[in-house]
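**Q** attaching a predicted model along with its sequence, questions to come.
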Amino acid sequence: MPEPAPAAYLLSTYGTRGDVEPLVALAVRLRALGAGVRMCVPPDEEFAHRLAGPGIPLVPLGPPMRELMGGTAPLSAAELSRYRTELVDAQFAVLPEAAEGCDVLVVAGLAQVGARSVAEAAGLHYVYVTYAAVNLPSPHHAPPPRPGWPESAATDNRTLWESDARNVNAQFAETLNGHRAALGLPPVHDVRDHVYSDRPWLAADPVLGPWPRTPGLDVVQTGAWTLPDERPLPAELVAFLAAGAPPVYVGFGSARPSPDIGHRAVEAIRAHGQRVLVSRGWADLDLADGRDDLFAIGEVNQQRLFPRVAAVVHHGGAGTTQTAARAGVPQVVIPLPVSDNPYWAGRVAAAGAGAALHGPTTEALRGAVETVLAPETRARAKALGARMRTDGADLAAEQLAQSPYFSV
């Protein structure tokens with residue numbers, strides 16, 4: 001009998017670069033297995049450029065992320081609620097056509113509220129993936145912070161997850177079930193668990209971010225989804241690196257921390273006689289002051305850069321955390337109180353590979369820099385990096401090619 005034709009996949013997410021890059025890695029691996037792949041991502045220019053490189057068809061969905069992240073003040077609860085509702089409406093408008101001819105819909109992040117209903121109506125396999133264990137319900141940890149939603153005064157993790165489910169329902173249930181009724185589908189009573197499914201995938205390293213086994217949830221952990229990045233570093237950066245001792249990297253990716261945090265970090269690093277490498281990021285950090293011990297960069301290949309720095313100071317995004325950990329470099333994580341940032345800060349500290357600072361003072365920053373520059377911290381970070389796996393996207397693609405529900 002002839003072999004069945006390779007499946008076709010629609011991969012969808014809504015978020016910043018840290019949300020998009022893992023799905024790009026999966027898409028490239030699936031394509032290498034002969035599968036057809038297209039992706040739904042925000043219509044930001046940098047995502048279009050990123051997908052154009054490997055030739056992955058892009059279907060824009062939702063407003064640009066820089067529009068959402070670019071304000072000088074955080075969005076109000078009402079503004080966030082409006083964005084979330086509009087994103088669900090956009091999914092029901094875009095995903096059905098984008099999924100035509102596909103066999104499997106793979107989505108990343110809780111924001112993909114409408115995706116499972118679209119898959120259900122079209123008869124597609126559905127796979128939900130998250131990039132951090134903290135996003136999945138478990139009595140072993142509390143839910144991640146969700147901006148704009150009321151916080152519970154409870155301290156018990158089970159109670160906190162129950163409150164989290166109520167918040168998700170309050171935000172999404174009416175909108176979701178209205179769209180489901182239009183498709184002839186029955187209503188959903190627990191939106192969060194409906195999105196997650198009873199067999200979610202976890203694309204995080206099992207050494208740095210393991211899943212604490214929890215009854216009732218069959219989690220498939222593959223390891224983080226990354227691609228080798230072969231881009232060379234800019235010549236000016238190479239010259240700066242060669243001009244002295246390895247610098248300490250400071251960067252907050254797509255996050256927008258208060259400007260004083262960046263300045264205080266630079267002061268703390270200089271207080272220990274270290275050079276500084278500042279990544280401007282989406283916040284366009286402007287910390288250059290004319291001194292030759294500080295160099296500012298745009299987006300560069302972190303896989304090549306991080307092994308050449310003394311430490312990495314960052315916001316706790318999954319991608320930056322795991323790239324720094326694989327490089328074997330110590331980290332100072334200054335997490336924003338959103339999403340999985342506090343979780344990754346805690347994981348780095350628990351591994352002894354760095355320090356976690358919440359609302360850092362100048363004194364605390366100096367102490368954290370001293371900690372990560374210590375030989376014992378560097379040794380633990382190097383040992384952690386040696387234990388981490390690099391084949392998560394390969395493993396995920398192979399399992400999906402065999403069956404979307406094949407157990408790892």
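**A** In hand now; what should we look at? All values reported here derive from a predicted model rather than from experimental measurement.

**Q** show the subsequent helix or strand relative to the longest helix belonging to the chain.
**A** Across the chain, the helix with the greatest residue count (assigned by DSSP state H) is helix 157-182. The C-terminal neighbour of helix 157-182 among helices and strands, as given by DSSP states H and E, is helix 191-196.

**Q** dump the C-alpha coordinates for that following helix into CSV.
**A** Below are the C-alpha coordinates for helix 191-196, written out as CSV (Å, rounded to 0.1, in the frame of the first residue of the first chain):
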residue,chain,number,x,y,z
VAL,A,191,-13.3,27.9,28.7
ARG,A,192,-9.8,27.6,30.1
ASP,A,193,-9.8,23.8,30.3
HIS,A,194,-11.6,23.6,26.9
VAL,A,195,-8.7,25.6,25.3
TYR,A,196,-6.0,23.6,27.1
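
**Q** per-domain residue ranges of the protein.
**A** Following automatic domain parsing, the chain resolves into domains at 8-226+390-402, 235-387.

**Q** first vs last residue of the shortest one, how far apart are they?
**A** Using Cα to Cα, to the nearest Å, one end of domain 235-387 lies 32 Å from the other.

**Q** let me see the mean pLDDT of it.
**A** Regarding domain 235-387, the rounded mean pLDDT is 93.

**Q** returning to that earlier point: mean neighbour count for the domains of the chain - can I get that in JSON lines?
**A** C-beta: built from backbone N, CA, C; applies to glycine. Supplementary listing: the domains of the chain in JSON lines, determined by neighbours: other Cβ atoms under 10 Å:
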{"stretch": "domain 8-226+390-402", "mean neighbour count": "18"}
{"stretch": "domain 235-387", "mean neighbour count": "19"}
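
**Q** return the backbone torsion pair for the closest residue to Gly354 other than its chain neighbours.
**A** The spatial neighbour of Gly354 that comes closest, neighbours along the chain excluded (Cβ to Cβ, 6 or more residues apart in numbering), is Gln331 at 3.6 Å. Note on Gln331: backbone dihedrals following degrees, to the nearest 10 are phi -130, psi 140.

**Q** contact partners for Gln331?
**A** If you count contacts by Cβ atoms under 8 Å, 6 or more residues apart in numbering, Gln331 has them with 311-314, 321, 324-325, 348, 353-355, 372, 381.

**Q** give me the distance between it and Leu136.
**A** Computed with Cβ to Cβ, to the nearest Å, the distance linking Gln331 and Leu136 is 24 Å.

**Q** what of Ala242?
**A** Taking Cβ to Cβ as the criterion, Ala242 is separated from Leu136 by 44 Å.

**Q** residue boundaries of the strands in this protein?
**A** 8-13, 36-41, 58-60, 104-108, 125-130, 201-202, 220-221, 248-250, 276-279, 294-297, 311-314, 331-333, 354-356 (DSSP state E).

**Q** coming back round to it: any chance of JSON lines for the contacts of Gln331, columns distance to Gly184?
**A** Written out in JSON lines, the entries for these read as follows (distance: Cβ to Cβ, whole Å):
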{"residue": "Ala311", "distance to Gly184": "56"}
{"residue": "Val312", "distance to Gly184": "51"}
{"residue": "Val313", "distance to Gly184": "52"}
{"residue": "His314", "distance to Gly184": "47"}
{"residue": "Thr321", "distance to Gly184": "43"}
{"residue": "Ala324", "distance to Gly184": "48"}
{"residue": "Ala325", "distance to Gly184": "47"}
{"residue": "Val348", "distance to Gly184": "48"}
{"residue": "Ala353", "distance to Gly184": "51"}
{"residue": "Gly354", "distance to Gly184": "52"}
{"residue": "Ala355", "distance to Gly184": "54"}
{"residue": "Val372", "distance to Gly184": "56"}
{"residue": "Ala381", "distance to Gly184": "54"}
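
**Q** out of those residues, who's nearest Val113?
**A** Within the set of these, Thr321 lies nearest Val113; the separation is 26.1 Å, counting by Cβ to Cβ.

**Q** next up, the contacts around the closest residue to the closest one other than its chain neighbours.
**A** In this structure, Thr321 finds its nearest non-sequential neighbour in Trp344, 4.2 Å apart by Cβ to Cβ, 6+ apart. Neighbouring residues of Trp344 by Cβ under 8 Å, 6+ apart: 132, 209, 316-318, 321, 333, 335.

**Q** from those residues, pick the one nearest Pro143.
**A** For Pro143, the closest of the contacts of Trp344 turns out to be Ala132, at 11.6 Å, with distances computed as Cβ to Cβ.

**Q** from Asp19, how far off is the nearest residue to that closest one once chain neighbours are set aside?
**A** Using Cβ to Cβ, 6+ apart and skipping residues adjacent in sequence, the residue nearest Ala132 is Asp340, 3.7 Å away. Distance of Asp340 to Asp19, computed by Cβ to Cβ: 11 Å.

**Q** show me the contacts for the spatially closest residue to Pro212 that is not a sequence neighbour.
**A** Take Pro212 and drop its neighbours on the chain: the residue closest to it by Cβ to Cβ, 6+ apart is His140, 3.8 Å away. With contact taken as Cβ under 8 Å, 6+ apart, His140 is in contact with 157, 212, 214.

**Q** for the second one, give me its contacts.
**A** Pointing back at Pro212 there. By Cβ under 8 Å, 6+ apart, the contact list for Pro212 reads 133, 138, 140-141.

**Q** if we use 7 Å, what do you get?
**A** The neighbours of Pro212, taking Cβ atoms under 7 Å, 6 or more residues apart in numbering as the test, are 133, 138, 140.

**Q** for Ala35, phi and psi?
**A** Per-residue torsions, Ala35: phi -80, psi 150 (degrees, to the nearest 10).
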